[in-house]
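Peer 1: mind folding the following:
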Amino acid sequence: MFAVIKTGGKQYRVEPDDVLEVGKIDGEVGSIVQLNEVLVVGGDTPVLGVPTVAGASVAVEVLDHKRGPKVIAFKKRRRKNSRRKRGYRDEITVLRISEILTDGAKPSKGPRPKKEKAAPAAEAAE
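Peer 2: Numbers count the residues shown, from 1 in each chain. Coordinates of the predicted model:
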């Protein structure tokens, strides 16, 4: 099963357990957030929204908040001694799709437990 969601002015085709980077959305790291703008729900019988599918949502787990790559806007007017340099970095949220919900269902899965870091080999040898 797949879905097409809209967030941050962009559309994404997602399936369960996909990891994607979208524009910043509200939510604590490790929490489950529902995205309600679902344009298409696909599978055996695809459902197209007009403009969105009624009662459909996608439950996502917030993995991380970070900043994107630097984008430099440099303008120069030759022979005028005029230069402008501006830059910015987008705020990004990393999401994992936990499940695709239809008919107004609530998320049944919670956030995944964090993996424990392996103990260094030096400590294990002592």
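Peer 1: and Glu15, what does it touch?
Peer 2: Applying C-beta atoms under 8 Å, 6 or more residues apart in numbering, one finds that Glu15 lies in contact with 1-3, 97, 100. Every residue, glycine included, has its C-beta placed from N, CA and C.
Peer 1: nearest to Ser31 among those?
Peer 2: Nearest to Ser31 among these, counting by C-beta to C-beta, is Ile97 at 14.4 Å.
Peer 1: and that closest one, how many neighbours?
Peer 2: For Ile97, the count of nearby residues is 21 (other C-beta atoms under 10 Å).
Peer 1: before we move on, what about Gly30?
Peer 2: What Gly30 shows, counting by other C-beta under 10 Å, is a neighbour count of 14.
Peer 1: so it makes contact with His65?
Peer 2: No - look at Gly30 against His65 with C-beta atoms under 8 Å: they stay out of range, at 11.2 Å.
Peer 1: rewinding a little: buried among the contacts of Glu15? Need that as a selection in PyMOL.
Peer 2: Here is the PyMOL command that selects the buried residues among these (16 or more other C-beta atoms under 10 Å):
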select buried, resi 3+97+100
